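# pasting a predicted model and its sequence here:
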Amino acid sequence: MRNSGYFSQFGGAFIPEILVSTFDELESAYLEAKDDDSFWKEYLELMSTYSCRATPITRLDNLSEQLGGASIYAKREDLNHTGAHKANNVMGQGLLTKRMGKTRVIAETGAGQHGVATATMAAKFGFDCTIYMGAHDVARQRPNVFWMEQMGATVVAVKDGSQTLKDAINEAFRDWVTNMDDTHYVLGTACGPHPFPEMVSWFQSIIGTEARQQMLDQTGKLPSRVYACVGGGSNAMGIFSGFIDDKEVELVGVEAGGRGRGVGGHAARLAYDDATIGVAQGYKTYFLQDKDGQMQDTHSVSAGLDYVGVSPILSHYHETRQVRFEAATDDEVVEAMQRTVRHEGLIPALESSHAFAQAYREAPQMSPDENILINMSGRADKDIFTVADAVDDPKWRDFIITKAAEYQMGQNDKKQGNGHA
Amino acid sequence: MRNSGYFSQFGGAFIPEILVSTFDELESAYLEAKDDDSFWKEYLELMSTYSCRATPITRLDNLSEQLGGASIYAKREDLNHTGAHKANNVMGQGLLTKRMGKTRVIAETGAGQHGVATATMAAKFGFDCTIYMGAHDVARQRPNVFWMEQMGATVVAVKDGSQTLKDAINEAFRDWVTNMDDTHYVLGTACGPHPFPEMVSWFQSIIGTEARQQMLDQTGKLPSRVYACVGGGSNAMGIFSGFIDDKEVELVGVEAGGRGRGVGGHAARLAYDDATIGVAQGYKTYFLQDKDGQMQDTHSVSAGLDYVGVSPILSHYHETRQVRFEAATDDEVVEAMQRTVRHEGLIPALESSHAFAQAYREAPQMSPDENILINMSGRADKDIFTVADAVDDPKWRDFIITKAAEYQMGQNDKKQGNGHA
Amino acid sequence: MPEQTKLELAIRQKLQQKKLLLMTHIVLGYPSFDDSLRVVEDMVKAGVDLMELQIPFSEPMADGPVILKANAEALKAGATVEKSLEIAERIVSEFDIPFLFMTYYNILHTYGVNEFVSRCESIGIQGCIIPDLPPAEGLDYLEAMQADKLAPVHIFTPNTPDDRMRFLSDNSAGFIYSVARKGVTGKETTFSDDLSDYLARCRANTTLPLAVGFGVKSREDIDFLTGKADIAVVGSETIRIVEDQGVSAVKGFVESLVA
Amino acid sequence: MPEQTKLELAIRQKLQQKKLLLMTHIVLGYPSFDDSLRVVEDMVKAGVDLMELQIPFSEPMADGPVILKANAEALKAGATVEKSLEIAERIVSEFDIPFLFMTYYNILHTYGVNEFVSRCESIGIQGCIIPDLPPAEGLDYLEAMQADKLAPVHIFTPNTPDDRMRFLSDNSAGFIYSVARKGVTGKETTFSDDLSDYLARCRANTTLPLAVGFGVKSREDIDFLTGKADIAVVGSETIRIVEDQGVSAVKGFVESLVA
Ligand SMILES: Cc1ncc(COP(=O)(O)O)c(C=O)c1O
Ligand SMILES: Cc1ncc(COP(=O)(O)O)c(C=O)c1O
């Protein structure tokens, strides 16, 4: 009787029987790849030629000075191809898919970031690709859907449940239980049944390995604290893994505080007290659920953190106190994003801006000879619709209204058989 | 009598008398920086920590195979911070601005790419920043304007002339002749009065220097041909400079063929026969002008190539035949972009896609043991409005129309005093 | 699971009279608890031999669109675990066929596994099908079920190797639920020679009665299964009928199957 | 430029009668060629001493919004270089004051520098102001102008060092055009002590008559310049008046300045 993939009481593989052999196959492939030095070499090679790894660390000169206290550094995952750390995981799973001889990939996506990354990987590797995305998210995130479709992916709008990320995950599993023979499910974060949490963390550990060395090279010492936002937990696991054995480094996971405490208004599973331990989507962790175990609606300004569960490995680190969890509210996050854009010329994704918000809150209390490191998990420029709404820009609204009027005119023109000049 | 900055008959500095000492100061600062090894070291340091230089070269595995013939490589300037090669120039001029003790920067922008890059640099260096942008372009490129404004830049919509790039350049000069004491004009391409063509090319030479070494490291030899799109000419100068002394490497500049030959339908100054030598915007080169020397309207699907003039250094290389010039039409370019997205997971800017189009046309006729290199000057994901129009995506139009309707409803809501949930 | 459960006994007795039993499935609280009661009544009257009562869950990952939607609607209409248990208690007391619970593990986990199993026992539920709980993850559950002599039913699939079938069978009681094809509930299955071979393999790897589900929806399907399995499971199709033709149409449909 | 030009002679003669001459500026073809003719007539009648005739160019980088717009409108209305030359020819033949061309270098370059200068000579234009052509870039132009005894006028600015002023003066004839402040045409200038110092510096670095422009627009400005310069240049203000009040208002405005 196999019972693996536990981190204290969290994790496991609560999967339909039909996927058992698929998971066995995946676990073997993963363990073999992990044992095979040439696999990691191939992965590094791919990431350094197709994306731009090693991504740099950047000192935030202006904000370090303005805030006083610790010097602030950012690990620049935003510079990855497709604009976020998601690329690391996806390319790794792409190599694994090839190794398993599969020819099709599927994935869930919330904000669209993981969907775009997976569609990109599929185009690169020549895989067929289907992306499941909540119908709500499809409507909100058309730019990402547009690019996925341009990459040749089929984007399925999931109309079940809350029509967001968790429903897309369920739907991806439903595809998988039908097509497991030729299909690999590229789960997008360090959640889901074993071996996903561990495997995704492994691919993302490239962040932490690089960042630790870079901090030593550039500052001569380890940072006092490392901040990462926590959606499913993959970027956090990625950067934390580099420092988890360094007792002197405090690790801080920042969740979506949304509109503040109280179920339904946020997505903070560990920082607030609203989540309880449960089992869903194939694994055991803290979930935002009701007394019956039904999953509850969550809220965050950032679609990528707006999720009911959290990596079982992070739940474990929460219990062992190896990671401190905090939450940043929507307002704090938008403020932190705008400040970073304005004073550093960096555009952190709203997700990443959670980590910035917490770092900005803590840095002034620290000593000037301390350094802190923020994982800038992605860039926001692709999320302009969300960001423009978050900062409530009237010029943007006018632009969209004008553009829409043009399209409506254009459609009339076309109906009348006129081309445009 | 100083008469410098000529490349055969092209170049010069046709500037208003009031700017003469400003240009003298700039030229001195540039020449001193060029002589000062520590300057370039600081530049490399900045580009490797703030952006992700060296940017990689990526082999286009799928298209090399599909097209047959030469192996195709792309130099990944799209991975730069802010998404294009423009960052190289802007950061270099930022360092120079600091060196000259100036506290304000101005720039022209067409598509918005250079404006965003300059606003970013200004945020990073703490400079005041004003961006001049044709009113037409402001209307079309709101996403870029949005980010410039978030960075703290003032964006001035230029309502003169054709309300596009060349008018923005004129307007930037008008600002400069008033504010030269504290202001540096960050020209965005290898055009304009001496020393801009040479200086911008110098900063961009980082592309070619890296790329030459990378091709040698990764393929063991030099590429047979190097392709770059040509707007003002900075990305082309950047990559060509690495290979200009290599007789065996053919350099191919690809201009905007737009709707094809005939004044007004394109922006091909060197590949077609519609341009003549003239003097405008401070320098002598080929311009698309009428018999009187009045500048003519140009057209391209890509705003960044849609310009009447071209780098005097490229006009020189045209005459010396060191660079071959070709043009790709709008249709060919959109097709090349879609093909690259679909089969490689890379999203070249419409500008860069000109180079891809030409390379795809030529690769099949070449031998399989030849390699060719394309400068992927930028990424297109920020230009989604343009790209979605170029590929004529009906779902995108529906999305914008729906979004506009939401905004209009929201405005009504706000008028009635209701917030949104 | 050494001992024979009450459920297995009941099945074996019925099999003396009929070659192929019929098991149906409903989602408790869909479209309402009153309707659930009525559908059960109709089904029992129409001659159904045993029934799965699904306690709705917000994330039914192994279910297809029809049952998925029924879960969501039941929850939206206010279904809770407690109400589901109460209606189940009433059903069990009113109708004299074996009933099983079908639900996802989080319902048990949140309720408390031991408490949930005790409650099943006290209600008179004879077994449970928990599709996201492989034996390796469900030791507590298996122990509790065994202690109360209830039947934990596990699933065989066409992807399940022989040794895994035997392992599952060793951890099951009552019967084995054999799914006729890959995929989620409610999609088409081709009843073919391949299927016959697969069912023979299932038989070879368990001594428990064999139920076959996923896609059974006509008299022909039933005929095909006769002799190859012990129980035909009709799941999504009855819910689809409720959805399309209303609660009153279920009886006629079930009668057409058992006719 | 060793020889005295006809232009300088004419200026020096006029300066015998008046302490400060007035030079105005129009854009040929704005709003139309007929209007150009009429404005010139009005200006001459009102007592203007010399005039700049601007040949419109699509990229007037040194001009401010008012003149810029006039250039664009003239071109839009169909102004060409040939038509500009023809109307200039008519103007020169009808009115007995010195006229200069103001335009950008590309107009000359495209026309052919020598051909352009010859044409000036044959028309009777006495000098040219080409704001984007520093002497270092304009050797052909300077030679051709000298050959035809025409006056290439260069510009002094508050940013121009003494040695550069002398160099510019050495390459100029007719007069020196001294701009009163940084910036493009048509913006406010503060006529102040700084300005007096600057004009004294201009004087010290050239023996040519001194014209002062950029921002002159009232009787007070004229009074301030009297004694410090030889020519007051009124540029954008007349065009602004045409734009705001129509062609017929120009005369009154110019009269108010010379009154
Ligand atoms: C930029 C960015 N950061 C963070 C996240 C959150 O995911 P995770 O916690 O797995 O890193 C996402 C998810 O979409 C993302 O796009
Ligand atoms: C991505 C990209 N490529 C190319 C260009 C053209 O400029 P240049 O010819 O100076 O490289 C632009 C200009 O905006 C651009 O944004």
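Here it is on my side, so go on. Ligands and ions are numbered 1, 2, ... in the order given.

# and chain C, which residues reach chain B?
Chain C has no residues near chain B, with proximity defined as CB under 8 Å from any CB of the partner chain. From N, CA and C alone the C-beta is placed, and that goes for glycine too.

# report pLDDT for the residue most central in space within chain C.
Centroid-nearest residue in chain C: C:Glu52, 3.9 Å away (criterion: CA atoms, centre = their mean). Note for C:Glu52: predicted pLDDT of 97.

# do the same with C:Phe253
Value for C:Phe253, per-residue pLDDT: 89.

# the strands in the chain, which residues?
No chain was given, so I picked chain A. Secondary structure of chain A (DSSP state E): strands at A:6-7, A:10-11, A:57-59, A:71-76, A:104-109, A:128-134, A:154-158, A:183-185, A:225-229, A:250-258, A:276-280, A:283-287, A:323-329, A:371-376.

# try again with chain C
Under the criterion DSSP E, chain C contains strands at C:21-27, C:50-54, C:99-102, C:127-129, C:151-153, C:155-156, C:176-179, C:210-213, C:231-234.

# was I right about the residue nearest to the centre of chain C contacting C:Leu28?
No. Using CB atoms under 8 Å, C:Glu52 is not in contact with C:Leu28, being 10.2 Å away.

# could you list the low-pLDDT ranges of the stretch 1-150 of chain C?
In the predicted model, the stretch 1-150 of chain C carries pLDDT under 70 at residues C:1-2.

# could you find the closest non-adjacent residue to the residue of it found nearest ligand 1?
Closest approach between the stretch 1-150 of chain C and ligand 1, counting by CB to the nearest ligand atom: C:Glu59, at 18.7 Å. Leaving aside its chain neighbours, C:Glu59 sits nearest to A:Ala280 (4.8 Å; criterion: CB to CB, 6 or more residues apart in numbering or on different chains).

# on that earlier part again, which residues touch the residue nearest to the centre of chain C?
C:23-26, C:99-102, C:129, C:233, C:235 (CB atoms under 8 Å, 6 or more residues apart in numbering or on different chains).

# beta-bridge partners for it, please?
Beta bridges link C:Glu52 to C:His25, C:Leu100 when assigned by DSSP bridges.

# next, count neighbours for residue 69.
With no chain named, the answer covers chain A. Neighbour count of A:Gly69, defined by other CB atoms under 10 Å in any protein chain shown: 16.

# you answered for a different chain; I wanted chain C.
For C:Lys69, the neighbour count with other CB under 10 Å is 21.

# for it, list the residues it contacts.
Counted by CB under 8 Å, 6+ apart, C:Lys69 has contacts A:160, C:243.

# what of the one 10 residues further on?
For C:Ala79, the contacting residues are C:28-30, C:33, C:56, taking CB under 8 Å, 6+ apart as the criterion.

# list just the nearest of the residues you listed to chain B.
C:Pro56 (26.5 Å; CB to the nearest CB).

# any idea how far chain A is from the closest one?
8 Å (CB to the nearest CB, to the nearest Å).

# contact partners for the closest residue in space to A:His343 that isn't next to it in sequence?
Spatially, and ignoring its direct neighbours in sequence, A:His343 is nearest to A:Asn62 (4.4 Å; CB to CB, 6+ apart). A:Asn62 sits next to A:343-344, B:123-124, B:126 when contact means CB under 8 Å, 6+ apart.

# ok, A:Pro16 next?
Residues in contact with A:Pro16 (CB under 8 Å, 6+ apart) are A:173, A:177, C:61-62, C:131-132, C:155.

# for it, report the pLDDT, please.
The model reports A:Pro16 with a pLDDT of 94.

# now the phi/psi pair for it, please.
Here is the backbone geometry of A:Pro16 (degrees, to the nearest 10): phi -60, psi 150.

# skipping adjacent residues, who's closest to it in space?
The nearest residue in space to A:Pro16 (CB to CB, 6+ apart) is C:Ala62, at 4.4 Å.

# what of A:Val323?
Closest to A:Val323 by CB to CB, 6+ apart is A:Tyr317, at 4.0 Å.

# close enough to count as contact, that neighbour and A:Ser241?
No. Contact criterion CB under 8 Å: A:Tyr317 and A:Ser241 do not qualify, at 10.6 Å.

# give me the more crowded residue out of those two.
A:Tyr317 (25 against 21).

# distance check, the more buried one against C:Pro98.
Separation of A:Tyr317 from C:Pro98 (CB to CB, to the nearest Å): 46 Å.

# how about the contacts made by C:Ile141?
No, residue C:141 isn't Ile; it's Tyr. C:105, C:108, C:113, C:117, C:130, C:133, C:152.

# now which of those would you call buried?
By neighbour count, with 16 or more other CB atoms under 10 Å in any protein chain shown, the contacts of C:Tyr141 hold C:105, C:108, C:113, C:117, C:130, C:133, C:152 as buried.

# of these, just say which sits nearest to D:Asp223.
Closest approach between the buried ones among the contacts of C:Tyr141 and D:Asp223, by CB to CB: C:Tyr105, at 96.2 Å.

# next, work out how far apart that closest one and chain A are.
The gap separating C:Tyr105 from chain A is 5 Å, by CB to the nearest CB.

# gap between A:Gln322 and B:Asp175?
On the measure of CB to CB, A:Gln322 and B:Asp175 end up 55 Å apart.

# pretty sure A:Gln9 contacts A:Lys284?
Yes. A:Gln9 lies in contact with A:Lys284 (CB under 8 Å); the separation is 6.9 Å.

# report the set of residues contacting both of the two.
With CB under 8 Å, 6+ apart, A:Gln9 and A:Lys284 have common neighbours A:Ile277.

# the two: who's more crowded?
The neighbour count for A:Gln9 versus A:Lys284, taken as other CB under 10 Å, is higher for A:Lys284 (26 against 13).

# quick check: that one vs A:Val310, distance?
Taking CB to CB, one finds A:Lys284 at 11 Å from A:Val310.

# which parts of chain C are helices?
C:6-17, C:33-46, C:65-76, C:81-94, C:105-111, C:113-123, C:139-147, C:162-170, C:193-204, C:219-225, C:236-245, C:249-258 (DSSP state H).

# quick check: buried residues in stretch A:11-21?
Buried residues in stretch A:11-21, counting neighbours by 16+ other CB under 10 Å, are found at A:11-20.

# narrow the residues you listed to those in helices?
Reading helices off these with DSSP H, I get A:Val20.

# quick check, the residue in chain A closest to chain B?
A:Ala404 (3.3 Å).

# still on that earlier bit, dump the contacts of C:Ala79 into a markdown table; add neighbour count and distance to ligand 2 as well.
As requested, those are arranged in a markdown table below (neighbours: other CB atoms under 10 Å in any protein chain shown; distance: CB to the nearest ligand atom, whole Å):
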| residue | neighbour count | distance to ligand 2 |
| --- | --- | --- |
| C:Leu28 | 27 | 59 |
| C:Gly29 | 26 | 57 |
| C:Tyr30 | 26 | 55 |
| C:Phe33 | 19 | 62 |
| C:Pro56 | 28 | 53 |
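
# any idea how far A:Tyr322 lies from A:Ile313?
Residue A:322: Gln, not Tyr. A:Gln322 is 10 Å from A:Ile313, by CB to CB.

# more crowded one of the two?
The residue with more neighbours, out of A:Gln322 and A:Ile313, is A:Ile313; 27 against 16, by other CB under 10 Å.

# just the pLDDT for the more buried one.
If you check A:Ile313, the pLDDT there is 98.

# A:Gln358 reaches A:Glu250, doesn't it?
No. Using CB under 8 Å, A:Gln358 makes no contact with A:Glu250, being 11.7 Å away.
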